[in-house]
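In: fold the following and give me the result.
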Amino acid sequence: MIKIKLSDLLGKHKMTQKSLANITHIRPATISKMYYEETKRVDIDQLNRICHAFNCEISDLLEYIPDEKYK
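Out: Residues are numbered from 1 along each chain as shown. A predicted model of the protein is given here:
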């Protein structure tokens, strides 16, 4: 499973979902789905914009967690 750590980054940077949406020009609904890890697909350009906003690496935003059912 892929974990989206957007909530961690927003908390670390004391930023709201709305302000991130404004900075990245990503729809607030899309940011919200990422925040609550409800999104099924992620656009690479959106990941790039989020990493740019937080000045972070992709590994700070996404984490792979092995899923037992696939073993």
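In: may I see the buried residues of the longest helix along the chain?
Out: The longest helix of the chain (DSSP state H) is helix 44-54. Residues Gln46, Arg49, Ile50, Cys51, Ala53, Phe54 are the ones in helix 44-54 that count as buried (16 or more other C-beta atoms under 10 Å). In short, each C-beta sits where N, CA and C put it, glycine included.
In: which residues in this protein form helices?
Out: With DSSP H as the criterion, the chain has helices at 6-12, 17-24, 28-35, 44-54, 58-61.
In: can you redo those helices as CSV with distance to Glu68 and mean pLDDT?
Out: Shown next, in CSV, are the helices of the chain (distance: least, C-beta to C-beta, whole Å; pLDDT from 0 to 100):
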stretch, distance to Glu68, mean pLDDT
helix 6-12, 23, 97
helix 17-24, 31, 98
helix 28-35, 24, 98
helix 44-54, 26, 98
helix 58-61, 22, 97
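In: could these be laid out in CSV, adding distance to Asp67?
Out: As requested, the helices of the chain are exported to CSV (distance: least, C-beta to C-beta, whole Å):
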stretch, distance to Asp67
helix 6-12, 20
helix 17-24, 27
helix 28-35, 19
helix 44-54, 21
helix 58-61, 18
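In: quick revisit: quick check, nearest of the buried residues of helix 44-54 to Lys3?
Out: Relative to Lys3, the closest of the buried residues of helix 44-54 is Ile50; by C-beta to C-beta it sits at 14.5 Å.
In: CA atoms only: put stretch 29-40 into CSV for me.
Out: What follows is stretch 29-40, C-alpha atoms only, in CSV (Å, rounded to 0.1, in the frame of the first residue of the first chain):
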residue,chain,number,x,y,z
ALA,A,29,-11.2,18.8,-3.1
THR,A,30,-8.1,17.0,-4.6
ILE,A,31,-6.0,18.2,-1.6
SER,A,32,-8.6,17.0,0.8
LYS,A,33,-8.7,13.5,-0.8
MET,A,34,-5.0,13.3,-0.6
TYR,A,35,-5.1,14.5,3.0
TYR,A,36,-7.6,11.8,4.0
GLU,A,37,-5.8,9.2,1.8
GLU,A,38,-9.0,8.6,-0.2
THR,A,39,-7.5,9.3,-3.6
LYS,A,40,-7.0,6.4,-6.0
